[in-house]
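# output the structure for:
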Amino acid sequence: MLDTYYFALVDSITTFSEVVSQLGVLAQAGGEAAQPAAEGGAAGGGPGPAGQPPTFFQGLLRSPLTLFAGVMFLFYMLVLLPERRRQRETANLRSSLKKNDRVVTTGGIFGVVVNVNSDSDEVTIRVDESNNTRLRVLRSAIGTVTPAATPNGKDSASGS
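Predicted coordinates for the structure are as follows:
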């Protein structure tokens, strides 16, 4: 029984070595075996007659640099550009904070802005109406700004 496994293993190694030697012969030929396929019009992918070099556009499409440049362009348009736009909007939001703006910090604390110093990076927010609890936070900690409250206690966005 071991003899059959041994012979099967030797046979598969022999087959593998034959395939490797055939690949070595093809590699030494320098692609001469692939040349006849490239000369045919439809088989080679080129519309020109046999032996004619590809046009500039065909060469550009076959270049791996074109693929890399296309992927980088898509990455820029789909990832980097929207992120820069979001950062710009957030910076504008934080720089335009004013008194009585309702804010939510990045930590999830709801509050109302009571003091903003334009020359400072600190903002004071009131988090509790009954105790008048105030927190000093950095501008960078402000996550979102909701519409300011009107004096009668209703939101200005509600229309009432």
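
# break this protein down into its structural domains.
If you go by automatic domain parsing, the domain ranges for the chain are 54-95, 98-151.

# and the last one, average pLDDT?
If you average the pLDDT over domain 98-151, you get 89.

# again with the shortest one
For domain 54-95, the per-residue pLDDT values average out at 90.

# how long is it end to end?
Length of domain 54-95, first residue to last, C-alpha to C-alpha, to the nearest Å: 56 Å.

# can you give me the helices for the chain?
In the chain, the helices defined using DSSP state H lie at 2-28, 35-39, 41-44, 56-62, 64-75, 81-95.

# one step back: now the domains of the chain as JSON lines including mean neighbour count?
C-beta here means a position set from N, CA and C on the backbone, and glycine is covered the same way. Formatted as JSON lines, the domains of the chain follow (neighbours: other C-beta atoms under 10 Å):
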{"stretch": "domain 54-95", "mean neighbour count": "11"}
{"stretch": "domain 98-151", "mean neighbour count": "14"}
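
# show me what the closest residue to residue 97 other than its chain neighbours is bridged to.
Spatially, and ignoring its direct neighbours in sequence, residue 97 is nearest to residue 116 (5.2 Å; C-beta to C-beta, 6 or more residues apart in numbering). Note on residue 116: beta-bridge partners by DSSP bridges are residue 123.

# where's residue 116 relative to residue 75, distance?
38 Å (C-beta to C-beta, to the nearest Å).

# what's the answer for residue 104, then?
31 Å.

# now residue 102
Distance, residue 102 to residue 75, using C-beta to C-beta: 37 Å.

# cool, and residue 89?
21 Å.

# one more: residue 54?
28 Å.

# just residue 51 next, same as before
Applying C-beta to C-beta to residue 51 and residue 75 gives a distance of 39 Å.

# and if you look at residue 56?
Remark: distance between residue 56 and residue 75 (C-beta to C-beta) = 26 Å.

# equivalent analysis for residue 90, please.
22 Å.

# how long is stretch 97-111 end to end?
13 Å.

# gap between the closest residue to residue 94 other than its chain neighbours and residue 127?
Closest residue to residue 94 apart from its sequence neighbours, by C-beta to C-beta, 6+ apart: residue 139 at 4.6 Å. Per C-beta to C-beta, residue 139 is found 17 Å from residue 127.
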